[in-house]
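[1] The sequence isn't on hand, but the structure is:
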């Protein structure tokens, strides 16, 4: 009599991945690097905080590259691992599994009735509240969020977003769950378009169909209600529950399970198995390199000059000329900074900056407007440009041109 085969189960690994990814989503807003959130889109300053880097809206090209990396990275994972995202990482699947666990837990504690129904709904409400708060934390720092929430100053945009997400998640848990995956979510259709010969799939090996006991354990275990023996289907989320169910049945007979994960079906034929994936990986690597280069060479601060609307030029009795400006300083760093303004010497002339003879403090990811006057003695014979520098700790951070008029 053959010894029983005890095949490894997928469920513990899937649950571990779900817990780790969920904790990552919940914890990212609390993590800090350089005094700022690891990942947050700060609406007030129009800045994307990205693992120590701050990308302002004025640096849209960097923001665009970051979005492209996200999109191409998602497609890369899909081409290589297929629907594993849906079954192992997707928040919608995690919420559905969590709701199922709540239902099972309530049934084990209480008999069916009003008390059990109320307890179940309370659990849904708590989960919905946490998800809604977590989403807002990616726009408001958690400490600021709680302070504004408890003081009743959460604001219209954050408040409406909080309530809307709360209601959507609650309705999802109470009524929708995996119906969304079957009917609304477009990811399954996208995955079919991006599949290639070597894409990871969960499949019933048709070569072993004669060994199938027709027990339908795989069908009963499937959260989507499909029969994997019918081949690749859009509704399949590659969660592996059917695999565990089949292995459980076949182990008792001393045989191996008939369902498996495979990088490409055996009947897929010969030819390149990961051609599109490798091409996409190259594009993704290029985008990552461009973002790294952009962040590495970006200026820490910017300086912009605008002539004053009134009193642009004033000639004094001593023969000097005064021009008036408004300067706009931008600190792109994650910490407050102190700057000084300096002009390049003009041979044969005395150049003075009036109103900028002190350290200029600019908040992290902040802007500051500075009004000043430029006095040149004696007045130059004609219009010219003079360079002005933004200096921090003796280092020139940014430069701009001051257009000097004499009349």
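    Looks like it arrived, so ask away. Quantities reported herein were computed from a predicted structural model and do not represent experimental measurements. Residues are numbered from 1 along each chain as shown.
[2] Can I take it that residue 202 is in a strand?
    Yes. Looking at residue 202 with DSSP: H, G, I helix; E, B strand; the rest coil, it is inside a strand.
[3] Look at the nearest residue to it once chain neighbours are set aside and give its secondary structure.
    For residue 202, ignoring the flanking residues on the chain, the nearest one in space by C-beta to C-beta, 6 or more residues apart in numbering is residue 238 at 4.5 Å. All C-beta atoms are positioned from the backbone trio N, CA, C, and that covers glycine. Three-state assignment for residue 238 (three-state DSSP): coil.
[4] For residue 238, give me its contacts.
    Taking C-beta atoms under 8 Å, 6 or more residues apart in numbering, we find residue 238 in contact with 82-84, 86-88, 200-202, 261.
[5] how about 7 Å then?
    If you count contacts by C-beta atoms under 7 Å, 6 or more residues apart in numbering, residue 238 has them with 82-84, 86-87, 202.
[6] what separates residue 108 from residue 119, distance-wise?
    Residue 108 sits 12 Å away from residue 119, going by C-beta to C-beta, to the nearest Å.
[7] Who has more neighbours out of those two?
    Counted by other C-beta atoms under 10 Å, residue 108 and residue 119 do not tie: residue 119 has more neighbours, with 15 against 7.
[8] Quick check, pLDDT for the closest residue to that one other than its chain neighbours.
    In space, and not counting its chain neighbours, residue 119 is closest to residue 106: 5.4 Å by C-beta to C-beta, 6+ apart. According to the prediction, residue 106 has pLDDT 94.
[9] I'd say residue 106 and residue 116 touch.
    Yes. Counting by C-beta atoms under 7 Å, residue 116 is a contact partner of residue 106 at 5.1 Å.
[10] Compare these two (neighbour count), which wins?
    Counted by other C-beta under 10 Å, residue 106 and residue 116 do not tie: residue 106 has more neighbours, with 19 against 15.
[11] Can you name every helix or strand that the helix or strand harbouring that one contacts?
    Per DSSP states H and E, residue 106 falls inside helix 91-109. Here helix 91-109 touches helix 11-27, helix 114-137, helix 178-183, going by 3 or more C-beta pairs under 7 Å, 6 or more residues apart in numbering; DSSP states H and E.
[12] which of the residues in it are buried?
    Neighbour-count burial for helix 91-109, counted by 16 or more other C-beta atoms under 10 Å, picks out 92-99, 102, 106.
[13] got the contact list for it?
    Against helix 91-109 from outside (C-beta under 7 Å, 6+ apart): 18, 22, 86-87, 116, 119-120, 123-124, 127, 172-173, 177-178, 180-181, 223, 237.
[14] try 8 Å this time
    18, 21-22, 25, 86-87, 116, 119-120, 123-124, 127, 131, 169, 172-173, 177-178, 180-181, 185, 223, 237, 239.
[15] ok, of the residues you listed, which come out buried?
    Buried among the contacts of helix 91-109 (16+ other C-beta under 10 Å): 18, 22, 25, 86-87, 120, 123-124, 127, 131, 169, 172-173, 177-178, 181, 185, 223, 237, 239.
[16] how close does residue 287 sit to residue 21?
    Counting by C-beta to C-beta, the gap from residue 287 to residue 21 is 23 Å.
[17] how's this structure carved up into domains?
    1-298, 301-404 (automatic domain parsing).
[18] For the nearest residue to residue 355 once chain neighbours are set aside, list each beta-bridge partner.
    Excluding the flanking residues, the one nearest residue 355 by C-beta to C-beta, 6+ apart is residue 372, at 3.9 Å. Under DSSP bridges, the beta-bridge partners of residue 372 are residue 325.
[19] ok, residue 372 touching residue 353?
    Yes. Residue 372 is in contact with residue 353 according to C-beta atoms under 8 Å; the separation is 5.9 Å.
[20] Quickly list what's touching both of those two.
    residue 341.
[21] in the stretch 151-300 of the chain, which spans are strands?
    200-204, 259-263 (DSSP state E, counting those that start in this stretch).
[22] So in that sheet, which strands flank the first one, and in what orientation?
    When you say that, I think you mean strand 200-204. strand 259-263 (antiparallel).
[23] can you list contacts of the strand it pairs with?
    198-205, 218, 228, 238, 240, 242-243, 246-247, 273.
[24] And it, what's buried?
    Those would be 259-260, for strand 259-263 by 16+ other C-beta under 10 Å.
[25] any idea how far that strand is from the chain center?
    With C-alpha atoms, centre = their mean, to the nearest Å as the basis, strand 259-263 stands 30 Å off its chain's centre.
[26] Residue 211 contacts residue 255, doesn't it?
    Yes. Residue 211 is within contact range of residue 255, at 6.8 Å (criterion: C-beta under 8 Å).
[27] Have a look at the two and say which one is more surrounded.
    Taking other C-beta under 10 Å, residue 211 and residue 255 do not tie; residue 255 has more neighbours (17 against 13).
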